[in-house]
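In: I'll drop the sequence and a predicted model, then ask my questions.
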Amino acid sequence: MTTTNDIKIPLDSEITDTINSQDYMKSVVELGDVTEIVAGEDILTASLHKLIKEGTKIDSSFYEKLIQHKLLKPIDHSVIATDGVNAGKIISDATIMLSTDSYLNKMFFKRPEMPVEVFKKLHIENALSLKLTIAKQNHPRLYEHSIKVSLTAIYLGISHGILTKDLIALATAGLFHDIGEMHLNPEIQDQDRRLNEDDWHQIYAHPFISYLILKEFPDYHPTISSIALEHHEKLDGSGYPRGLSADEISELGKILSISEMFIGLTTKSFCLEHIESSLKLNTNLYDRKYISSLIDVVRDKSFLNNSNVQGDQSITTAQIKVSAIIDTISEWHALMKKLNDSQKSQQLVDTINIRLEQLTSRLMDTGIDMGHINEILTILKSDPQMISEVNIIADEALFQLNTIIEEVKRRWPKHNDPHKPRTLGEFLHGWIDQTEKIIVKTHITAI
């Protein structure tokens, strides 16, 4: 098993170069236009030429000068935001979130001082304080998301007896797990942009970029950096960037991963039933004891926001969604009949079989038997609440089908079979294309 000291992930130089990209340099100097940024030391070029003197106030007027040279250190290692985000400001912002977010409020209703006590013990390096300051200024959604993930991780850690030392490491990893996103192509942040393959390649690399940033600081490496690296790993091995599974993922990494997922769900303002169904359908991806703790939070009737939101009660919509799920799985079974024994034995094929079997099993656990779905829907026709629940479960199942497709795409470079007629590559490409069309058509038709 790979240890935290020898983690190696092959990345294109273009990806690793984003840490010192001109786009990030621009965000640093432009921050100096709205708050005081000073050089905490002499800023040197790679050839040791003094570019900017210690103590100089930095603003956007320095941009052209800085990008003309390769710096000895990343820019945020050499500058200080004099009024930057620190533990005190994180506590202040977290307190507001605890009072306005009913999920977080319930987590700490009996012990509201607990997250404050943990945040008071955080050590935040100047360079990382600068990143949080830029995030708060330029990427407020990312900043809020990071604090909420950290709070959720603290709650789960406390609930399951995590030691104080580990709790602090977990909270810190929660705050910085997504800082790699700040170094991606800014166009990816555009909500209306249709992401291409290169965009997704960058997105899948962001946990490792966060890891590379954090490992530069002895107080953060290897523990905190490794927890952050694991925040998109899944128990079944379908996560990224390393595709770890079960015991290969650290306990703190498991907590951070499900905290990330939970905040993603609640941020989308799904009704409580949708969030609970999503958690139930993810029992193979996240540790059951943490899922159980979050389900208890969701079920608590003291929640007022979204508690009276009704899901889609249309039986027609439910039939469209369920049919799409059945068609996708049926297409895969039909494809399997076309494969020869050698093709069937490929690991990628085995992975898809396992993922689809697990999804079908989880649907059965929720009472959705795909083999008798029409009979089930007919029986439920007069029960709007149950139809709403079927719609919710179907939405999550479609999302997980899309996740399976994305996993196959990530692993595709490892599959040497070319896209030639009658090869495994050609068959898989056809199934992926067909599945994506089904999912897109379903979303359009169900609107």
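Out: Noted; the coordinates are in hand.
In: can you count the residues close to residue 403?
Out: Residues near residue 403, counting by other C-beta atoms under 10 Å, number 16. For every residue, glycine as well, the C-beta is placed using N, CA and C.
In: now residue 296
Out: 11.
In: same question for residue 93.
Out: Residues near residue 93, counting by other C-beta under 10 Å, number 17.
In: list the buried residues for the helix or strand where residue 351 lies?
Out: Using DSSP states H and E, residue 351 maps to helix 347-365. Neighbour counts over helix 347-365 (16 or more other C-beta atoms under 10 Å) mark 348, 349, 351, 352, 355, 356, 358, 359, 360, 362, 363 as buried.
In: same check on stretch 47-59?
Out: So stretch 47-59, judged by 16+ other C-beta under 10 Å, has buried residues 51, 52, 58, 59.
In: ok, of those, which one's closest to residue 154?
Out: Nearest to residue 154 among these is residue 58, at 34.2 Å by C-beta to C-beta.
In: how much space between the closest one and residue 133?
Out: 13 Å (C-beta to C-beta, to the nearest Å).
In: tell me the mean pLDDT over stretch 273-280?
Out: The average pLDDT for stretch 273-280 rounds to 86.
In: contacts for that stretch, please.
Out: The set of residues external to stretch 273-280 that reach it, using C-beta atoms under 8 Å, 6 or more residues apart in numbering, is 262, 265-266, 270, 291, 294-295, 298-299, 311, 362, 365-366, 388-389, 392-393, 395-396.
In: which stretches of this protein have low pLDDT?
Out: Scanning the chain for pLDDT under 70 picks out 1-20, 190-192, 269-270, 301-312, 374, 377, 380-382, 413-421, 443-447.
In: which helix runs longest in it?
Out: Ordering each helix of the chain by length in residues (DSSP state H) puts helix 384-411 first.
In: could you check the helix or strand following that helix and say which residues are buried?
Out: Remark: after helix 384-411, the chain's next helix or strand is helix 424-446, criterion DSSP H and E. By neighbour count with 16+ other C-beta under 10 Å, helix 424-446 contains the buried residues 424, 425, 427, 428, 431, 432, 435, 438, 439, 442, 446.
In: what's helix 424-446 packed up against?
Out: Under the contact definition 3 or more C-beta pairs under 8 Å, 6 or more residues apart in numbering; DSSP states H and E, helix 424-446 sits against helix 315-338, helix 347-365, helix 384-411.
In: deepest of the ones you listed, which one?
Out: A comparison of the helices and strands packed on helix 424-446 by mean neighbour count, using mean count of other C-beta atoms under 10 Å, puts helix 384-411 on top with a mean of 20.
In: distance from it to the middle of the chain?
Out: How far helix 384-411 lies from its chain's middle: 17 Å, per C-alpha atoms, centre = their mean, to the nearest Å.
In: that one to helix 424-446, inter-axis angle?
Out: 150 degrees (axes from the mean of the first three to the mean of the last three C-alpha atoms, to 10 degrees).
In: what angle sits between helix 384-411 and helix 315-338?
Out: Using the same axes, to 10 degrees: helix 384-411 against helix 315-338 is 30 degrees.
In: any chance of the helices and strands packed on helix 424-446 in JSON lines, plus distance to residue 113?
Out: Below are the helices and strands packed on helix 424-446 laid out as JSON lines (distance: least, C-beta to C-beta, whole Å):
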{"stretch": "helix 315-338", "distance to residue 113": "44"}
{"stretch": "helix 347-365", "distance to residue 113": "38"}
{"stretch": "helix 384-411", "distance to residue 113": "35"}
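In: what's the closest of these to residue 150?
Out: helix 384-411 (24.3 Å).
In: what helices and strands are in contact with the closest one?
Out: Counting by 3+ C-beta pairs under 8 Å, 6+ apart, helix 384-411 packs on helix 197-214, helix 272-280, helix 315-338, helix 347-365, helix 373-380, helix 424-446.
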